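Enquirer: Mind looking at a prediction? Sequence and model below.
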Amino acid sequence: MGGVSRRGALKGLGATLGLAAFAKALAPLQEFAADMSVDEFLQKHYRELTPEAMKDVLGRLERETHAQYGAKVHIQDVRPQPGVKFGYALNLSVCIGCRKCQEACHVENNHDRDTNNSYIRVLEMDQGTLDLAKGVVDYDHAVPAPGKFYLPIQCQQCDNPPCVKVCPVEATWKEEDGLVVVDYNWCIGCRYCEAACPYHARRFNWKTPTVPAAEVNPHQSYLSNRIRPKGVMEKCTFCLHRTRKGRLPACLEACPTGARVFGNLLDPDSEIRWVLANKRVFVLKEELGTRPSFFYFFDE
Amino acid sequence: MKTSTAPIVIPLALAAVALLVAVLWPRAADSPAAPPRTESTKERFETEIHLPADLGTMATDRLDSQGRRIRVRCSTCHGGDVPDGGAVDGATPVHQGLTLAHGGVSCLSCHDQNNRDVLRLADGTPLAFAQVMDLCRQCHGPQSRDYHNGSHGGMTGHWDLTQGPRLRNGCVHCHDAHAPAIGQVQPVAMPRDRGLVQSMTHNKEAH
């Protein structure tokens, strides 16, 4: 971790931003720091935790979730599988814009019910265009609408992720299987990563998420769908609590049109490699050099 | 899925845009050498393809004890009371509710003239209803190829078949054989986070 600490970084931030800007930048953080336990504040960075320390942390988080949400959950630390690098592809000829993927993400990842938050956003676009900025998120009519096509966007798990570079405390990083993850307990909520992401794939927890006990998905992992505290960033992890155990991501399973293809880029016999070899795939905003692991294609 | 009169037109112009921005994934070759996966020798779980259980039967007006419509085999009428090879005009009251909107193909391109309990291939070979996907394949090569390579038709279960099985829907789960275009649906709720929607709007200005 090169000696980077949360507290140290906060000082550094103050020095460069000036006092007023500093206070403003920290406004969400202050609130969350207030209801933080001492154990939580003293917890080490994810990658410095020994297996025993991790066990303690997971136990603590399970107890806290129970106390706060009334739900009995099981939080695991699910690690990458050797020889696996995840890739995702989406067939834009087939997607009808029904938002079922967005909904499945909402449920699977214990998102805040009030905001109907999700890591997926479906853009309604005019046929013949590919300008993401013109995409409409809040369409509300029968789909597919004539003259439109639909482009779901989530974290592209870039090989050259701008969000990781700007994090002042290394609370977000790229794992061996290509997934960009966040240590919610290390994140200071400065939101630099949110601004850096060209795909608007990161979300900030402005409030403590509300999830009724009966609706909490109890199968959780530290780096993915455990309920996030207020004041931290979160993002799509390709459902690593499922995919690192060989299962398909929730958004893929929910797709009624079969537009989504997921698999191991390092396995030449995988479905994802078949798509890359046989379809004319493209990535979003290629010119930025982010090198996404998420591909799009049209049937010819 | 429901059918409707508004089929999706695959955007040709869009495909052209896609062509322009296409990258043919240059990184496959130079991605870091991974440790060889030992799993390749492991046993693989099954991929099960789900087909409707009542395939090849027809609903009647009569209800069973639980109020469900009783389904009968085609041969209940055909080959007996209804001689096969009779009028082929779709006008029979029995099949009145059935609209055929499938690229101009006729009933007997798919249904066997002499035995309505089976389908038929283009060369006349009878085909069990359970083999319906072979029927689709003879006219829809590209989609069938895509399907068998996991990029059409979706799936649930495991991406890694060494760790668990997979379940897939057959073609007729999503496509009505008689009117196969996918109809319109109402999307599920949009995100209610105003900030989220505004951030897109905001970015419109920034560009």
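Expert: That came through fine.

Enquirer: ok, the residue nearest to residue A:243 when sequence neighbours are not counted to residue A:87 distance?
Expert: Computed as C-beta to C-beta, 6 or more residues apart in numbering or on different chains, the closest residue to residue A:243 that is not its neighbour in sequence is residue A:249, at 5.8 Å. Using the backbone N, CA and C atoms, a C-beta is placed for each residue, glycine as well. With distances defined as C-beta to C-beta, to the nearest Å, the gap from residue A:249 to residue A:87 amounts to 12 Å.

Enquirer: Now do the shared contacts for these two.
Expert: Shared between the contact lists of residue A:249 and residue A:87 (criterion: C-beta atoms under 8 Å, 6 or more residues apart in numbering or on different chains) are residues residue A:262.

Enquirer: so where do the strands sit in the chain?
Expert: Looking at chain A here, since you left the chain open. Taking DSSP state E as the test, the strands found in chain A are A:74-76, A:86-91, A:121-126, A:148-153, A:172-174, A:180-182, A:202-204, A:219-221, A:233-235, A:260-264, A:294-297.

Enquirer: Not quite, go with chain B.
Expert: Assigned strands in chain B, in chain order: B:47-50, B:57-63, B:69-73, B:119-120, B:126-127, B:156-157, B:166-169 (criterion: DSSP E).

Enquirer: by contact count, what packs against the fifth one?
Expert: Strand B:126-127 is packed against strand B:119-120, with contacts defined by 3 or more C-beta pairs under 8 Å, 6 or more residues apart in numbering or on different chains; DSSP states H and E.

Enquirer: show me where pLDDT drops low in chain B?
Expert: B:1-41, B:80-92, B:193-207 (pLDDT under 70).

Enquirer: go with 90
Expert: Scanning chain B with the threshold set as pLDDT under 90 gives B:1-43, B:53-54, B:58-64, B:68-99, B:113-114, B:189-207.

Enquirer: Likewise for the stretch 1-150 of chain A?
Expert: Regions of the stretch 1-150 of chain A meeting the criterion pLDDT under 90 cover residues A:1-49.

Enquirer: ok, which stretches of it are helices?
Expert: If DSSP state H, counting those that start in this stretch is used as the criterion, the helices of the stretch 1-150 of chain A fall at A:6-17, A:19-34, A:38-42, A:51-69, A:100-108.

Enquirer: Equivalent analysis for chain B, please.
Expert: For chain B, the helices defined by DSSP state H cover B:12-21, B:27-30, B:107-110, B:132-139, B:141-148, B:171-174, B:194-206.

Enquirer: okay, the third one in CSV with CA atoms only?
Expert: Same thing as helix B:107-110. Coordinates of each C-alpha in helix B:107-110 appear next as CSV, following Å, rounded to 0.1, in the frame of the first residue of the first chain:
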residue,chain,number,x,y,z
CYS,B,107,-48.7,-24.9,-42.6
LEU,B,108,-47.4,-27.9,-44.4
SER,B,109,-43.9,-26.5,-44.6
CYS,B,110,-43.6,-27.4,-41.0
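
Enquirer: Packing partners of that helix?
Expert: The helices and strands touching helix B:107-110, judged by 3+ C-beta pairs under 8 Å, 6+ apart, are strand B:119-120.

Enquirer: what's next to the strand it packs on, contact-wise?
Expert: Residues from elsewhere that reach strand B:119-120 (C-beta under 8 Å, 6+ apart): B:108-113, B:126-129, B:131-132, B:135.

Enquirer: thinking again about what came up before, looking at the strands of chain B, which is closest to residue A:148?
Expert: Across these, the minimum distance to residue A:148, taken as C-beta to C-beta, is reached by strand B:166-169, at 25.2 Å.

Enquirer: Pull out the buried residues from stretch B:97-112.
Expert: Within stretch B:97-112, the residues that qualify as buried by neighbour count (16 or more other C-beta atoms under 10 Å in any protein chain shown) are B:102, B:110-112.

Enquirer: Make a markdown table out of the residues you listed and add distance to residue A:218.
Expert: Converted to a markdown table, these look like this (distance: C-beta to C-beta, whole Å):
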| residue | distance to residue A:218 |
| --- | --- |
| B:102 | 46 |
| B:110 | 47 |
| B:111 | 49 |
| B:112 | 52 |
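
Enquirer: Relative to residue A:43, which of those is nearest.
Expert: Top of the list for closeness to residue A:43, among the buried residues of stretch B:97-112 and by C-beta to C-beta, is residue B:102 at 61.3 Å.

Enquirer: list the contacts for the residue nearest to residue A:243?
Expert: Under the criterion of C-beta under 8 Å, 6+ apart, the contact list for residue A:249 reads A:88, A:238-239, A:242-243, A:260, A:262.

Enquirer: Just the closest of those residues to residue B:178, please.
Expert: Within the set of the contacts of residue A:249, residue A:260 lies nearest residue B:178; the separation is 27.5 Å, counting by C-beta to C-beta.

Enquirer: What number of residues are in the vicinity of the nearest residue to the closest one once chain neighbours are set aside?
Expert: Spatial nearest neighbour of residue A:260, excluding adjacent residues (C-beta to C-beta, 6+ apart): residue A:252 at 4.2 Å. Neighbour count for residue A:252, taken as other C-beta atoms under 10 Å in any protein chain shown: 25.

Enquirer: For residue B:63, which residues are in contact?
Expert: B:69-70.

Enquirer: In the stretch 101-250 of chain A, what residue lies closest to chain B?
Expert: Relative to chain B, the nearest point of the stretch 101-250 of chain A is residue A:246 (2.9 Å; C-beta to the nearest C-beta).

Enquirer: how near is that residue to residue B:160?
Expert: Counting by C-beta to C-beta, the gap from residue A:246 to residue B:160 is 4 Å.

Enquirer: thinking again about what came up before, let me see the contact set for the residue of the stretch 101-250 of chain A closest to chain B.
Expert: Each residue near residue A:246 by C-beta under 8 Å, 6+ apart is listed here: A:81, B:158-160, B:162-164.
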